[in-house]
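Enquirer: what's the 3D shape of this:
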Amino acid sequence: MSTGQPTIDPTDRIAVVGIGSELRGDDAVGLELARRIETRSLGSDADRLLVVEGGVAPENHTGVVRRFDPDWIVLVDAVDFGGDPGSGEWIDPDDLGGESFSSHKSTPAMLRTFLARETGADVVLFGVQPADIDRGESLSKTVEERLGGLAARLVETLRIDERNETA
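Expert: The predicted model follows:
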């Protein structure tokens, strides 16, 4: 199910789409990671990075992504890949099957196909293993504790200039 980490050039334009519901515990991890990436991208990377909180209907935000004209689109979502809660993996959306694990309407594979066709961008999925997606407004303690490391891993992969953290 896992795919290799994407190779992103420091000049590539990247759209990060956080997916999930803040009303379903760890399903909100994609949204939280998108927010953390956005706060690290202020400054010199702002023109090459678009961060979108796609929520439970990320397909409703494809217009803004198309207008941005990215080279890469990174979908970030809670994905049950059988890992330890809070672990992250680069996932091939086709390996997830036809049903969405989470609360959103379209599957990651459908969204990837649509976005790739509409933008010509490479579309990848970073999945985070949830501990709990029952109704509840907060992330589980396990996932919450791993957010910093997951965000750092994404920032490194996206080649975001971390000097901007202190700006």
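
Enquirer: Would you map the helices across this protein?
Expert: Assigned by DSSP state H, the chain shows helices spanning 29-40, 62-68, 108-119, 141-158.

Enquirer: most tightly surrounded among the ones you listed?
Expert: By mean neighbour count, with neighbours taken as mean count of other Cβ atoms under 10 Å, helix 29-40 ranks first of the helices of the chain at a mean of 22. Every C-beta, even on glycine, is put in place using the N, C-alpha and C of the backbone.

Enquirer: for the helices of the chain, which one sits closest to V56?
Expert: helix 29-40 (9.8 Å; Cβ to Cβ).

Enquirer: what's the nearest residue to the residue nearest the centre of the chain if we skip its chain neighbours?
Expert: In the chain, the residue lying closest to the centroid (Cα atoms, centre = their mean) is V76, at 1.6 Å. Spatial nearest neighbour of V76, excluding adjacent residues (Cβ to Cβ, 6 or more residues apart in numbering): G30 at 4.2 Å.

Enquirer: give me the number of residues near L50?
Expert: 20 (other Cβ atoms under 10 Å).

Enquirer: Go ahead and confirm it touches V65.
Expert: Yes: taking Cβ atoms under 8 Å as the definition, L50 is a contact partner of V65 at 6.9 Å.

Enquirer: got any residues that touch both of those two?
Expert: Listed contacts common to L50 and V65 are A15; contacts here mean Cβ atoms under 8 Å, 6 or more residues apart in numbering.

Enquirer: can you give me the strands for this protein?
Expert: Assigned by DSSP state E, the strands in the chain fall at 14-19, 49-55, 72-78, 88-91, 122-128.

Enquirer: Tell me which of those strands sits nearest to V143.
Expert: That would be strand 122-128 among the strands of the chain, by Cβ to Cβ, at 6.9 Å.

Enquirer: Let me see the contact set for H61.
Expert: By Cβ under 8 Å, 6+ apart, the neighbours of H61 are V17, V52, G54.

Enquirer: can you rerun that using 10 Å?
Expert: A15, V17, G18, I19, V52, E53, G54, G55 (Cβ atoms under 10 Å, 6 or more residues apart in numbering).

Enquirer: ok, the residues you listed vs R40, which is closest?
Expert: G18 (13.8 Å).

Enquirer: excluding its backbone neighbours, what's nearest that closest one?
Expert: A34 is the one closest to G18 (Cβ to Cβ, 6+ apart), at 2.8 Å.
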